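> pasted the sequence and its predicted model underneath.
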Amino acid sequence: MELELRHLRTIRAIADAGSLTKAATALGLAQPALSAQLKRIERSLGGELFERGRHGVRATALGALVLDRARVVLPAVHELQAEAARFARSGSPAGAGRRSLRIGGTHGPLLGGLVDRIASADPGVAVVTHTSWSEREIAASTVAGRLDYALIGTCGESAPPEPGRLVWTEVARDPVFVMLAAGHPLAARGEVGLGELAGEAWTDVPGDGCFADCFAAACVRAGFTPVSVYETDIASCVHLVQVGRAVGLCRATFPDTPGLVTRPLAGTPLVWRHMLGRHPSAPAALDAPRVAGHLRAAHRAAVDRSGSYARWLASRPGAVHDTGTVQDGGTVQDGGTARDAERGP
């Protein structure tokens with residue numbers, strides 16, 4: 001049996017009602033029929049969705065996962081149906097005539113800031129975003145014309161994906177910092193040597209770029225191999241650091257967060273470059289200088305929100321954290337010529 005939208009509605013109705021009896025009444029079904037349908041759904045998904053008890057039902061871990069997805073999928077389908085109906089009546093989709101920008105980004109700090117600035121400066125522009133852990137997926141979608149811009153990061157001087165088919169602007173570059181629990185023995189230090197963390201477990205977000213290899217190489221240069229690396233989402237990384245389970249890697253712009261501190265790594269062994277990519281012949285190319293300007297403003301705001309990064313920059317009067325001279329109307333191809341003063345200790 002293939003899972004259908006009606007099955008998701010049934011699962012949500014059971015969870016909302018808290019019992020099969022109440023859910024059957026709400027759905028206009030007999031309870032035995034609902035129970036049989038639930039069993040078929042559970043067989044299709046590979047496990048029980050609800051624990052049955054005298055006081056009703058409670059979602060299992062699998063049930064909670066399915067419910068989370070259902071609460072995203074069902075409203076989205078409802079909105080699709082409503083927009084399709086509006087299109088059928090009017091002959092044009094909602095928002096027709098408005099300019100739109102389709103921006104793909106990894107789960108970094110700048111995408112939200114970019115959307116905010118475009119919305120403030122150009123309220124007539126509709127911004128559509130797509131996020132993915134895969135830099136290659138985002139770049140490929142931009143090459144194919146499904147996205148207007150790709151906002152990703154690269155490690156050090158590594159070339160971004162699709163270098164021959166996309167034009168890349170380096171928007172900013174930051175040192176990579178380490179996240180420590182507030183009570184960590186090294187938390188009071190102004191900076192931390194990578195080798196001092198040799199016995200720690202690490203946590204970081206996933207990706208298909210070369211950052212994991214660059215980190216492993218930096219650890220080898222520091223004389224150790226990481227004990228373990230947990231690749232997970234940002235919220236889980238923060239939690240693992242806060243409870244002392246791991247130390248984390250983060251961009252220097254990571255905002256101040258209760259329960260943890262961010263500290264520079266001595267000698268700046270890792271650097272992160274924020275890159276904006278576009279297809280050279282895409283219509284959105286005309287907006288590239290303005291979009292890059294919004295991104296630089298978003299990056300400066302992110303720096304201001306990070307007390308540790310602001311202090312690090314203040315201690316290095318000659319350091320720069322964003323791109324220097326922009327060439328060719330806002331485009332610096334293949335990594336560009338931005339100054340690299342912050343690489344020094």
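Structure's in. What do you need? What you see is a predicted model, and the numbers here were worked out from it, not measured in a lab.
> which strands or helices does the helix or strand harbouring residue 215 pack on?
Per DSSP states H and E: residue 215 is located in helix 211-221. Counting contacts by 3 or more C-beta pairs under 8 Å, 6 or more residues apart in numbering; DSSP states H and E, helix 211-221 packs against strand 149-155, strand 202-204. Every residue, glycine included, has its C-beta placed from N, CA and C.
> which other helices and strands does the last one contact?
What that stands for is strand 202-204. helix 211-221, strand 229-231, helix 234-242, strand 247-251.
> how about the strands in the protein?
Assigned by DSSP state E, the chain shows strands spanning 50-53, 56-59, 99-105, 125-131, 149-155, 167-181, 202-204, 229-231, 247-251, 260-264, 271-278.
> out of those, nearest to residue 4?
For the strands of the chain, the distance to residue 4 is smallest for strand 50-53, at 18.7 Å, taking C-beta to C-beta.
> quick one: strands adjacent to that closest one?
With DSSP bridges as the test, strand 50-53 is paired with strand 56-59 (antiparallel).
> on that earlier part again, just the buried residues of the helix holding residue 215, please?
211-212, 214-215, 218-219 (16 or more other C-beta atoms under 10 Å).
> how far off centre is stretch 237-253?
Between the centre of stretch 237-253 and the centre of its chain there are 16 Å (C-alpha atoms, centre = their mean, to the nearest Å).
> before we move on, the earlier item: dump the strands of the chain to TSV, plus mean neighbour count, distance to residue 41 and mean pLDDT.
Conversion of the strands of the chain to TSV gives the following (neighbours: other C-beta atoms under 10 Å; distance: least, C-beta to C-beta, whole Å; pLDDT from 0 to 100):
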stretch	mean neighbour count	distance to residue 41	mean pLDDT
strand 50-53	14	10	89
strand 56-59	17	13	90
strand 99-105	19	34	87
strand 125-131	14	29	90
strand 149-155	24	39	93
strand 167-181	25	41	95
strand 202-204	22	35	95
strand 229-231	15	31	93
strand 247-251	24	38	94
strand 260-264	23	41	96
strand 271-278	24	42	94
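> quick check: which of these is nearest to residue 118?
Among the strands of the chain, strand 125-131 sits nearest to residue 118 (C-beta to C-beta), with 5.5 Å.
> alpha carbons only: can I get that closest one in PDB?
Only the C-alpha atoms of strand 125-131 are listed here, as PDB (Å, rounded to 0.1, in the frame of the first residue of the first chain):
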ATOM      1  CA  VAL A 125      10.300  41.400  -5.300                       C
ATOM      2  CA  ALA A 126       9.000  37.900  -4.300                       C
ATOM      3  CA  VAL A 127      11.800  35.900  -2.800                       C
ATOM      4  CA  VAL A 128      11.600  32.100  -2.900                       C
ATOM      5  CA  THR A 129      14.200  30.100  -1.000                       C
ATOM      6  CA  HIS A 130      15.500  26.600  -1.100                       C
ATOM      7  CA  THR A 131      17.800  25.100   1.500                       C
END
